[in-house]
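>>> got a predicted model here, sequence first, then my questions.
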Amino acid sequence: MPVYTREKLSGFLADADQNPSCAYLLIGDRFLCRQTAGRLEKSLLSGGGTVHALDGEEEEPAKTISRLRSFSLLPGRQIYRISDTRLFYSKQVAKSLWKRILTAKDAKKTETAARHLRAMLAAGGLDPENPDSDPARMGNHEWKKCFDFPHPGGDLSWTTRLLMETGNTSKPTTTTTAADPAALLQETLEVGIPASNILILLAEEVDKRKRLYKYLKDRQVVVDLSVDKGAGSKARKVQKSVLVELIRTTLNEMKKTMVPGGMDQLLDRVGFHPVAVVMETEKLCLSIGERDRIERKDLDAIIGRTRQEALFELTGAIGNRQLGPSLIISGRLLENGIHPLALVATLRNYVRTLLLFKALQEQPEYGYRRGMQANVFQRQCLPKLKEQEHWKQELKGHPYAIYMQFKTASLFSLAELQHWLQQVLKTEQRLKSSPLEPLTIVQHLLITMLGPADQKTRPATKKLQ
């Protein structure tokens, strides 16, 4: 059977209503999977029945399979929904899980980071509860063997604390036999289960080479709700379409409308967080009471800028020499209450760090070269750099983040970065003494920084007082 995508959800639900399958696999963003599973369950249970919700971390596969095989005494359809199933994990998905771990850790989402970490250990064939599985103790060879990607380097002791502080409260599984739960489930579905029993599996990541996945794709139903979370224009376009659809659906359900341009303002403040977009839209709808339309003043009053990474977006655009996005982001930051001196302070620290890293790159004893891979940098250069107490503060971040800043610094010359720092300091003085609008001063700085690199061909800019 063909794999359904987000664009074909209406057809998928219609097919499920007319000709239900005995097993469904939903892949992708956790919130989108749960939302779609809810719609599917509503359709399947129109004639009555029960949903048995199970967590993949606590589920006992043998027990679930036994229940699928059995006739229930309860009336109507019996749906067994397993969230975060591990049946499709393998070391091939470990790298994706590691990225999710770092993202959750940086956002201080401890429980989410711990959940992904335990999933990664399980994907590598390790027991998260076994002290010998501690990632912080793994060498390069063992890490690569278990997870199929190079050791990230640096101090990973935080992974130990993460597992200890969160603790996995799941029950000990009874499936530590030679039987493969995925193979056993496939065999069960092939033989057949009672028509009133239906299985719904939810997973953020799957190894599509797994036999169970191929079976579900060919004989049952797979729905791929994955969304590219990259920063490219194509990825952002897809992300926006997903979020706009969520906002529209929520508004329709609550019988409200939104002022033109309101959706863009909402998305700019929330970012690509589907669950947050829905919650904030619901909050807006409730806040306006009996009124039908959400106005801009409601957005300003109710929803602050929830994206903590907004300032980092600006430095990222500057590092990529993107003048247009830099001007747009800086304008929105000031519009949403970021103090201009705080914004300039961020730029000052960013440029100073780039300048330092560029200077260190030109010191042959550290062994940095342009185009160096992250694992080589972390293994060969970073230990030498950290021997210098002078740069302890600048080098205390995550090894990969430091590598990315080194990579960005290599794209600029020392002279250019020195010029940038001079302009940032002048801008700081202007903000404190000039009668000009802060937006004008800040955007003049960005135009000065990101104009043509050749000073001889750089267009003259009007001097600010």
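That came in fine, so what should we check first?

>>> let me know the pLDDT of L212.
We have a pLDDT of 92 for L212.

>>> burial measure for it, as a count.
Using other C-beta atoms under 10 Å, L212 has 23 neighbouring residues. C-betas here are computed from N, CA, C, even on glycine.

>>> so for stretch 108-118, mean pLDDT?
Mean per-residue pLDDT for stretch 108-118: 83.

>>> any chance you could list what contacts it?
Applying C-beta atoms under 8 Å, 6 or more residues apart in numbering, the external contacts of stretch 108-118 come out as 57, 84, 97, 100-101, 104-105, 128, 135, 159, 162-163, 165-166, 168.

>>> where does the prediction get shaky in the stretch 51-200 of the chain?
Counting by pLDDT under 70, the stretch 51-200 of the chain contains low-confidence residues at 166-179.

>>> same thing but at 50, please
Along the stretch 51-200 of the chain, the model assigns pLDDT under 50 to residues 169-178.

>>> please tell me which one of the contacts of stretch 108-118 counts the most neighbours.
The member of the contacts of stretch 108-118 that has the most neighbours, counting by other C-beta under 10 Å, is P135 with 25 neighbours.

>>> and the helices in the stretch 351-465 of the chain, which stretches?
If DSSP state H, counting those that start in this stretch is used as the criterion, the helices of the stretch 351-465 of the chain fall at 374-376, 382-385, 399-409, 414-433, 438-450.

>>> over to the stretch 1-150 of the chain?
Taking DSSP H, counting those that start in this stretch as the criterion, the stretch 1-150 of the chain contains helices spanning 9-18, 30-44, 61-69, 94-106, 110-123, 140-147.

>>> do the same with the stretch 201-350 of the chain
Residue ranges of the helices in the stretch 201-350 of the chain, as given by DSSP H, counting those that start in this stretch, are 211-219, 233-253, 262-270, 274-287, 296-302, 310-319, 323-335, 340-361.

>>> how about a markdown table for the ones you listed, with distance to E204 added?
As requested, the helices of the stretch 201-350 of the chain are exported to a markdown table (distance: least, C-beta to C-beta, whole Å):
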| stretch | distance to E204 |
| --- | --- |
| helix 211-219 | 14 |
| helix 233-253 | 15 |
| helix 262-270 | 20 |
| helix 274-287 | 13 |
| helix 296-302 | 30 |
| helix 310-319 | 24 |
| helix 323-335 | 29 |
| helix 340-361 | 32 |
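
>>> correct me, but S96 touches D207?
No. The pair S96 and D207 does not pass the contact test of C-beta atoms under 8 Å, sitting 10.1 Å apart.

>>> overlap in contacts, those two.
Common contacts of S96 and D207, defined by C-beta under 8 Å, 6+ apart, are absent altogether.

>>> select, out of the helices of the stretch 1-150 of the chain, the one closest to G331.
Relative to G331, the nearest member of those by C-beta to C-beta is helix 94-106, separated by 25.6 Å.

>>> helices or strands up against the closest one?
Helix 94-106 makes packing contacts with helix 110-123, helix 140-147 when contacts are defined by 3 or more C-beta pairs under 8 Å, 6 or more residues apart in numbering; DSSP states H and E.
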